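A.B. asks: just the structure for this:
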Amino acid sequence: MTFTERLLVIYSELQDQINMCTPDLMSVERLFFGRNATTAEYVYQARGVVMLLAAMNNLPVVEPAPNRIKLLLCGTGKADKKEVQNMIRDKLSLEEVPKPDDTADALAAAIAGLSLRGELLSTRQAH
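C.D. replies: Numbers count the residues shown, from 1 in each chain. Coordinates of the predicted model:
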C-alpha cells in the first residue's frame with residue numbers, strides 16, 4: 001500500500017470504531033522524536049488523521065506525554081517498557097502482556113487518558 005492508502009485505512013477503520021463504540025473522549029499520546037525525522041514525519045501525518053477524526057466527531061482529546069503515562073500507570077515517569085506492559089496486564093487482569101508492543105502502548109495511553117479526563121473537563125469549563 002502507498003502511504004496515502006495507509007492513511008485512508010487509518011481514517012476509515014478509526015471512524016468505524018468511533019461509530020461502533022461512541023466514545024466521549026480520545027487519548028492520543030504526545031509524541032517525542034529525538035533523531036529519526038523520517039519516521040517522525042510519517043507518524044505525525046498519521047496522528048493528524050487521528051486528530052482530524054476527533055475534531056470531526058466532536059471528541060475532546062487528551063494528549064499525555066510518555067513520561068506522564070508512565071507516572072500514572074507505574075508511579076514513576078521513568079518506568080521502562082516492560083514495567084508499563086506488566087502494569088497493563090495487571091490493571092486489565094490479562095493472562096499475558098498484550099502483543100504487539102504497540103497494543104500495550106495504546107492501552108497505556110487510553111488508561112492514562114481516562115485518568116486525565118477530569119483535568120480535561122475542568123480545563124474546557126474554564127475557557
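
A.B. asks: average pLDDT for whatever helix or strand residue 108 lives in, rounded please.
C.D. replies: Assigned by DSSP states H and E, residue 108 belongs to helix 101-126. In this model, helix 101-126 carries a mean pLDDT of 80.

A.B. asks: what do you get for stretch 19-36?
C.D. replies: For stretch 19-36, mean pLDDT is 86.

A.B. asks: mind listing what's buried along it?
C.D. replies: Judged by neighbour count using 16 or more other CB atoms under 10 Å, the buried positions of stretch 19-36 are 25, 26, 27, 28, 29. Yep, even glycine has a C-beta here, placed from its N, CA and C like the rest.

A.B. asks: touching, the third one and residue 115? I think so.
C.D. replies: Spelled out, that is residue 27. No. Using CB atoms under 8 Å, residue 27 is not in contact with residue 115; the gap is 9.4 Å.

A.B. asks: in the protein, which spans are helices?
C.D. replies: Assigned by DSSP state H, the chain shows helices spanning 3-21, 37-56, 66-74, 81-91, 101-126.

A.B. asks: just the ones you listed: most buried one?
C.D. replies: helix 66-74 (a mean of 19; mean count of other CB atoms under 10 Å).

A.B. asks: how is this structure divided into domains?
C.D. replies: When the chain is parsed with automatic domain parsing, its domains come out as 1-63, 64-127.
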